[in-house]
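Undergrad: Give me the fold of what follows.
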Amino acid sequence: IQNNKGQEFRARIIHINQENDIAILKIEDEDYNSHSALPYSFKKRGAELGEQLFTLGYPREEIVYNEGYMSAKTGFNGDTLTCQIGVSANPGNSGGPVFNKNGEVIGIINTRQMQAEGVVFAINAKNIFNSVDSVMKVDSSVINLKLPLTSTIKGMDRVQQIRKIADCVFMVKSY
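TA: Model prediction:
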């Protein structure tokens, strides 16, 4: 994986949830200094229709910010594992977090509709919780894996939020 400063770290796959299109990775690199706590949290209930959202991802070699809104509670053809967001996305945005104004992850970008502009789908955050619960049941080495439920960036302006979050969003590379 690569951070927003261009540093690369070795990581391994701990768990893959094929149904929810989620992989959980663990950084295993002596040069990596872990964060004591993530500044953002995860929101199980998702977002409300029309709610403003923003994304951070790597469609290029640098972190890119985008903003949009929740456009549908379900994904393509009524898929309840995903929601539809109105935001511009490109290859490389996949796997990137979708945040609400409080700095809570409400989903992870996983695909876009090619025939329409700004029609992007994200895996609902409740499926992230389900994947973490699943891995903890079968792998005792990650028993302490917890998703933060309190955002320390709530109430900050967007620029401040991005500054805090950017260090915690990584580009995943596979070789």
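Undergrad: Residue 103: neighbour count?
TA: 24 (other CB atoms under 10 Å). The C-beta positions use only the backbone N, C-alpha and C, and glycine is treated the same way.
Undergrad: which SSE is the nearest residue to residue 67 once chain neighbours are set aside in?
TA: Of all residues not flanking residue 67 in the chain, residue 54 sits nearest, at 4.5 Å (CB to CB, 6 or more residues apart in numbering). If you go by DSSP states H and E, residue 54 is part of strand 52-57.
Undergrad: Determine which residue lies closest to the centroid of this structure.
TA: residue 97 (2.4 Å; CA atoms, centre = their mean).
Undergrad: So it is in contact with residue 162, correct?
TA: No - contact criterion CB atoms under 8 Å: residue 97 and residue 162 do not qualify, at 11.8 Å.
Undergrad: Residues touching the worst-scoring helix or strand of the chain on mean pLDDT, excluding its own?
TA: Every helix and strand in the chain was compared by mean pLDDT, DSSP states H and E; the lowest is helix 125-138, with a mean of 86. By CB atoms under 8 Å, 6 or more residues apart in numbering, the surrounding residues in contact with helix 125-138 are 14-15, 17, 20, 22, 24, 42-46, 81, 104-108, 142-143, 145-147.
Undergrad: List only those of these flagged as buried.
TA: Among the contacts of helix 125-138, those buried by neighbour count (16 or more other CB atoms under 10 Å) are 15, 17, 20, 22, 24, 42-43, 46, 81, 104-108.
Undergrad: Check the closest residue to residue 111 other than its chain neighbours and give its pLDDT.
TA: Nearest residue to residue 111, sequence neighbours excluded (CB to CB, 6+ apart): residue 121, at 5.0 Å. In this model, residue 121 is scored at 94, pLDDT.
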